[in-house]
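Q: The sequence and its predicted three-dimensional model are supplied below.
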Amino acid sequence: MDEMKVTFPGGKKVNALWHGFEIATDQPAGGGGEGSAPTPFDLFLASLGTCAGIFALGFIQSRGLSAEGLGISASFERDPATHLLSKAVMKITPPKDFPAKYLPALVKAAEQCLVKRTMDAAPKFEITAG
């Protein structure tokens, strides 16, 4: 099992040391932070979009097609009572001259995103202290 180290550099900043990268987070000024980095939840949402993106890009590149103009627009809804994510909507803008026959397969490729699939089969969490 890989191990992540979480550090607390001051204020509301909480960083993760993961696979040789330091991933910085902070809270917005209204939440007591400085707004110097994305919140952990913002990074989670970004991971959904970028994961779908790498799968879509891989599909296009594996067919030798140009990815110029490829885009993904993502929007998210939260349950007002729980503040939890209730819906994620992604719209893929295919590259210019992208063959229409590949559109369903492009969507299917993006749906194979590991972050999405992990959420579909939610892991068990074990948190201890001491």
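A: Perfect, thanks for sending it.

Q: need the contact list for the residue most central in space within the chain.
A: For the chain, the residue sitting closest to the mean C-alpha position, by CA atoms, centre = their mean, is residue 47 at 1.3 Å. If you count contacts by CB atoms under 8 Å, 6 or more residues apart in numbering, residue 47 has them with residue 115. C-beta: built from backbone N, CA, C; applies to glycine.

Q: Let's verify it: helix, strand, or coil?
A: Remark: residue 47 carries the secondary structure label helix [criterion: DSSP: H, G, I helix; E, B strand; the rest coil].

Q: Show me this protein divided up by domain.
A: Residue ranges for the domains of the chain, per automatic domain parsing: 1-37, 39-120.

Q: will you turn those into CSV that also has mean pLDDT?
A: Formatted as CSV, the entries for the domains of the chain read as follows, by pLDDT from 0 to 100:
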stretch, mean pLDDT
domain 1-37, 96
domain 39-120, 97
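
Q: so which of those domains comes closest to residue 126?
A: Counting by CB to CB, residue 126 lies closest to domain 1-37 out of the domains of the chain; the figure is 11.4 Å.

Q: what comes up buried for that closest one?
A: Along domain 1-37, the positions that meet the burial threshold by neighbour count (16 or more other CB atoms under 10 Å) are 12-16, 23, 25-27, 33, 37.

Q: Ok, stretch 46-57 next?
A: Residues of stretch 46-57 classed as buried: 48-53, 55-57 (neighbour count, 16+ other CB under 10 Å).

Q: Check which helix or strand residue 44 maps to.
A: Following DSSP states H and E, the helix or strand that holds residue 44 is helix 40-62.

Q: Break down this structure into its helices, ranges please.
A: For the chain, helices defined by DSSP state H occupy the ranges 40-62, 103-111, 114-120.
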